[in-house]
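Visitor: have a look at this fold, sequence not included:
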Ligand SMILES: NC(=O)C1=CN([C@@H]2O[C@H](COP(=O)(O)OP(=O)(O)OC[C@H]3O[C@@H](n4cnc5c(N)ncnc54)[C@H](O)[C@@H]3O)[C@@H](O)[C@H]2O)[C@@H](O)CC1
Ligand SMILES: Nc1ncnc2c1ncn2[C@@H]1O[C@H](COP(=O)(O)OP(=O)(O)O)[C@@H](O)[C@H]1O
Ligand SMILES: [K+]
């Protein structure tokens with residue numbers, strides 16, 4: 001499991017380590033610089049001409065120290081200082097004094113022509129790190145543009161300069177790195193797009209922040225790795241029966257969208273729940289009986305009276321441990337009446353997906369209740385909170401927070417899950433998942449885990465992680481274009497413990 005920091009938290013970790021615990025800032029910096037120099041040595045050739053472009057803060061100081069180490073190892077390095085050196089941090093002054101004593105080539109943008117950039121074959125970007133606090137304009141913007149135009153490999157120190165370390169947005173302009181060496185903890189801005197794209201491959205370097213500093217900051221955002229799956233996935237027990245693994249009610253599939261019911265119901269079974277019952281339109285009966293005979297079925301049609309539906313639902317809702325409502329449900333009067341009955345349930349987990357979220361957007365009542373788990377993609381979220389998609393994209397975590405005290409799975413290329421104070425950023429998966437039906441599968445997977453008594457935050461985050469893993473496994477020997485929602489279901493048995 002990885003803990004993820006935003007810019008504020010990363011600064012706090014620096015502060016506690018240096019001021020409270022007493023590790024000298026220059027000691028941390030030396031280790032940061034060593035990590036950068038070591039990686040650059042793996043990437044650059046001895047014949048390369050390395051340009052280290054440095055701002056006036058401690059990110060710049062890291063760059064100067066890394067360049068000094070590279071020079072000691074025989075690399076040709078030039079430091080290009082950008083910004084007003086009168087404002088240089090204390091550490092930057094120390095690092096500059098050292099390289100001047102070593103008579104290394106230190107230039108400033110006052111006497112460095114942009115045409116000279118052509119001579120350099122490798123760049124270290126140490127302009128801004130977590131201290132970037134506003135849009136980049138003027139001279140800084142021009143130099144960043146010039147570095148990007150060089151089209152040479154760039155390694156960014158801590159964060160690509162110009163990327164907001166918290167939400168991954170470009171603050172005006174940003175360096176496009178091949179790799180980013182980040183210190184101590186992953187920063188959320190390196191995971192969210194477009195930051196993730198600008199950062200390239202992200203390497204995490206341990207520079208000696210004490211564990212107690214990390215603990216004191218109490219990072220609330222996590223992300224999983226493969227080795228977490230075995231620890232987190234609920235175990236099966238020898239002395240058990242289907243009742244031990246929970247019952248899921250799936251309310252899904254309208255007249256022309258039966259596949260969604262199948263995807264969600266089978267996904268719940270794949271996660272190991274004991275029984276799945278599906279309420280769906282009559283049209284989907286034969287398909288479900290054939291493709292998923294393990295599922296119990298209750299069907300309705302246009303003529304089914306509202307009272308009949310209501311009676312049927314009352315019994316089935318009582319039967320279920322978890323309810324998943326919405327995939328392919330449509331927004332017909334029957335769908336609405338099913339949805340409205342289900343959201344009255346307050347005691348068991350209710351997963352609301354797709355059309356259930358669209359129906360929720362038309363309600364004036366607050367749907368963000370404690371027992372609800374919502375799984376909107378950005379467009380559905382936009383309808384739900386009446387905020388444009390482009391605005392939500394600028395800060396997924398901030399908008400996901402609005403769904404509290406419900407649990408939310410805000411789906412994007414980097415899905416986030418928020419529940420109470422717990423936050424998760426998903427790093428698994430790829431564009432193979434960008435195809436109809438993927439979301440229906442995820443909804444069923446979450447319901448299946450909930451039925452196995454996994455608490456909502458873990459169920460939602462672990463299902464999201466596993467959903468992504470299926471795509472990673474799939475593309476190992478197949479084209480990412482050819483993955484179907486059914487392939488996610490087929491891959492699950494190969495990745496679950
Ligand atoms: N001793 C420490 O505190 C450590 C710091 N570390 C490095 O230090 C970095 C953070 O250093 P700082 O806090 O000095 O911050 P930065 O070096 O990231 O940048 C701060 C400087 O940039 C200026 N600035 C911010 N936004 C600007 C904009 N849009 N246009 C022009 N100027 C702008 C600020 O006024 C300040 O002078 C980390 O990312 C990391 O690389 C690491 O060496 C670990 C130890
Ligand atoms: N480019 C991508 N990278 C990673 N995951 C993706 C990408 N595109 C889509 N996904 C995932 O696929 C799923 C799509 O869900 P959704 O849009 O609800 O699909 P549908 O409505 O077709 O079932 C989400 O879990 C999302 O995170
Ligand atoms: K940087």
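Guide: The structure has been received and is ready for your questions. If you're wondering where the values come from, they're calculated on a predicted model, not measured in any experiment. Ligands and ions are numbered 1, 2, ... in the order given.

Visitor: who in this structure is up against ligand 1?
Guide: 14, 18, 25, 28-29, 32, 55-60, 62, 87, 89, 91, 128-136, 140, 157-158, 183 (C-beta under 6 Å from any ligand atom). (Glycine included, C-beta is placed from N, CA and C.)

Visitor: just the buried residues of those.
Guide: 14, 18, 25, 28-29, 32, 55-60, 62, 89, 91, 128-132, 136, 140, 157-158, 183 (16 or more other C-beta atoms under 10 Å).

Visitor: can you flag which of these belong to helices?
Guide: 14, 25, 28-29, 32, 58-60, 62, 91, 140 (DSSP state H).

Visitor: so which of the buried ones among the residues of the chain next to ligand 1 reach ligand 3?
Guide: Among these, the ones lying near ligand 3 by C-beta under 5 Å from the ion are residue 157.

Visitor: least trustworthy helix or strand in the chain by mean pLDDT?
Guide: When the helices and strands of the chain are scored by mean pLDDT, DSSP states H and E, helix 306-319 comes last with a mean of 90.

Visitor: can you give me the strands for the stretch 251-400 of the chain?
Guide: Taking DSSP state E, counting those that start in this stretch as the test, the strands found in the stretch 251-400 of the chain are 275-281, 296-300, 322-325, 350-352, 372-374.

Visitor: run a quick neighbour tally on whatever residue of the stretch 351-497 of the chain ends up closest to ligand 1.
Guide: The stretch 351-497 of the chain approaches ligand 1 most closely through residue 394 (17.0 Å), counting by C-beta to the nearest ligand atom. Residues lying near residue 394 (other C-beta atoms under 10 Å) number 14.

Visitor: list the contacts of the closest residue to residue 370 other than its chain neighbours.
Guide: Spatial nearest neighbour of residue 370, chain neighbours left out: residue 405 (4.7 Å); criterion: C-beta to C-beta, 6 or more residues apart in numbering. With contact set as C-beta atoms under 8 Å, 6 or more residues apart in numbering, residue 405 has these partners: 368-370, 420.

Visitor: any low-confidence regions in the stretch 1-150 of the chain?
Guide: Counting by pLDDT under 70, the stretch 1-150 of the chain contains no low-confidence range.

Visitor: flag every residue of it that's near ligand 3.
Guide: Counting by C-beta under 5 Å from the ion, the residues of the stretch 1-150 of the chain near ligand 3 are residue 125.

Visitor: can you rerun that using 8 Å?
Guide: 55, 59, 63, 125-129 (C-beta under 8 Å from the ion).

Visitor: can you mark which positions in the least confident helix or strand of the chain are buried?
Guide: 309, 312-313, 316-317.

Visitor: do the same with stretch 255-263
Guide: 255, 257-263.

Visitor: centre of the chain to stretch 314-332, how far?
Guide: Centre-to-centre, stretch 314-332 and its host chain are 29 Å apart (C-alpha atoms, centre = their mean, to the nearest Å).

Visitor: wait, does it contact ligand 2?
Guide: No - for stretch 314-332, no contact with ligand 2 is found by C-beta under 6 Å from any ligand atom; the gap never falls below 7.0 Å.

Visitor: gap between the two ends of that stretch?
Guide: The first and final residues of stretch 314-332 sit 20 Å from each other (C-alpha to C-alpha, to the nearest Å).

Visitor: do the same with stretch 14-31
Guide: First-to-last residue span, stretch 14-31, C-alpha to C-alpha: 13 Å.

Visitor: which residues touch it?
Guide: The contact list for stretch 14-31 (C-beta under 8 Å, 6+ apart) reads 58, 61-62, 65, 91, 94-95, 183, 205-210, 212-213, 216-217.

Visitor: can you list which of these are found in helices?
Guide: 58, 61-62, 65, 91, 94-95, 212-213, 216-217.

Visitor: pick the one among the residues you listed closest to residue 77.
Guide: residue 65 (11.5 Å; C-beta to C-beta).

Visitor: measure the closest one to residue 14 for me?
Guide: The gap separating residue 65 from residue 14 is 16 Å, by C-beta to C-beta, to the nearest Å.

Visitor: show the pLDDT at residue 268.
Guide: Note for residue 268: predicted pLDDT of 98.

Visitor: give me the element the residue in the stretch 301-450 of the chain positioned nearest to ligand 2 is part of.
Guide: The nearest approach of the stretch 301-450 of the chain to ligand 2 comes at residue 439, 2.1 Å away (C-beta to the nearest ligand atom). Per DSSP states H and E: residue 439 is located in helix 438-451.

Visitor: buried ones in that helix, by neighbour count?
Guide: 438-451.

Visitor: phi and psi next, for the nearest residue to residue 260 once chain neighbours are set aside.
Guide: Taking C-beta to C-beta, 6+ apart, and ignoring the residues beside it in sequence, residue 260 has residue 328 as its nearest neighbour in space, at 2.7 Å. When read as degrees, to the nearest 10, the backbone of residue 328 gives phi 60, psi 20.
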